[in-house]
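Participant: Pasting a predicted model and its sequence here:
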Amino acid sequence: MRQDDKTIQVVQLQGTEKKLYALVGPIVMDPKVLKQNYNFPFRTTDKFQWYLAMKGKQVVGFLPVEHRGAQWIINNYYVEKKDADVLRLLIDEALKEEEGKRLFSAVAFIEDREVFKEKGFGEEKVWSRYVKMVRNNG
């Protein structure tokens with residue numbers, strides 16, 4: 001099947017898969033990306049599930065989800081050019097995995113709060129740059 005360069009596909013990878021490092025390494029080490037993330041480093045462990053938005057062979061966004069007990073936590077995500085449609089796609093893919101049985105929380109950028117609200121998240125705490133949001137489907 002031939003893939004159109006405009007088509008975005010989401011790839012799901014475990015937090016310590018070698019393929020993940022090869023795909024996101026150049027992004028997470030880019031000084032412009034780190035600056036956009038307020039110089040907060042990206043991290044992963046085997047408790048993370050990563051959702052990568054791929055346009056052809058290029059990563060245009062990622063959403064890491066950490067599994068902590070009965071809770072899934074979205075934090076430290078990146079979307080090229082802050083494309084809200086790509087963020088929606090990534091959130092949708094992550095929510096498919098939950099099957100209505102888990103509590104999802106997200107530490108979202110203030111500018112992304114409306115996208116998370118569209119996906120059923122409610123605000124719990126607001127800081128100057130971030131907002132903690134929760135979506136309870138249990």
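Facilitator: Here it is on my side, so go on.
Participant: Which strands or helices does the longest helix anywhere in the chain pack on?
Facilitator: Using DSSP state H, we find that the single longest helix of the chain is helix 84-98. Judged by 3 or more Cβ pairs under 8 Å, 6 or more residues apart in numbering; DSSP states H and E, helix 84-98 is in contact with strand 8-14, strand 48-55, strand 58-68, strand 71-74, strand 78-79, strand 103-109, helix 113-118. The C-beta positions use only the backbone N, C-alpha and C, and glycine is treated the same way.
Participant: Where does the prediction get shaky in the protein?
Facilitator: Counting by pLDDT under 70, the chain has low-confidence residues at 1-6, 98-101, 137-138.
Participant: Spell out for me which residue occupies the centre of it.
Facilitator: Centroid check for the chain by Cα atoms, centre = their mean gives residue 63 as the closest residue, at 1.6 Å.
Participant: ok, that residue - contacts?
Facilitator: With contact set as Cβ atoms under 8 Å, 6 or more residues apart in numbering, residue 63 has these partners: 50-51, 74, 77, 87, 90-91, 93-94.
Participant: which of those lies closest to residue 22?
Facilitator: Nearest to residue 22 among the contacts of residue 63 is residue 50, at 12.3 Å by Cβ to Cβ.
Participant: so that closest one touches residue 24, yeah?
Facilitator: Yes. Counting by Cβ atoms under 8 Å, residue 24 is a contact partner of residue 50 at 7.4 Å.
Participant: Quickly list what's touching both of the two.
Facilitator: Taking Cβ under 8 Å, 6+ apart as the contact rule, residue 50 and residue 24 both touch residue 62.
Participant: Settle it for me: which of those two has more neighbours?
Facilitator: Set side by side, residue 50 and residue 24 show more neighbours around residue 50, with 23 against 20, by other Cβ atoms under 10 Å.
Participant: Who does the more buried one form a beta bridge with?
Facilitator: Note on residue 50: beta-bridge partners residue 13, residue 64, judged by DSSP bridges.
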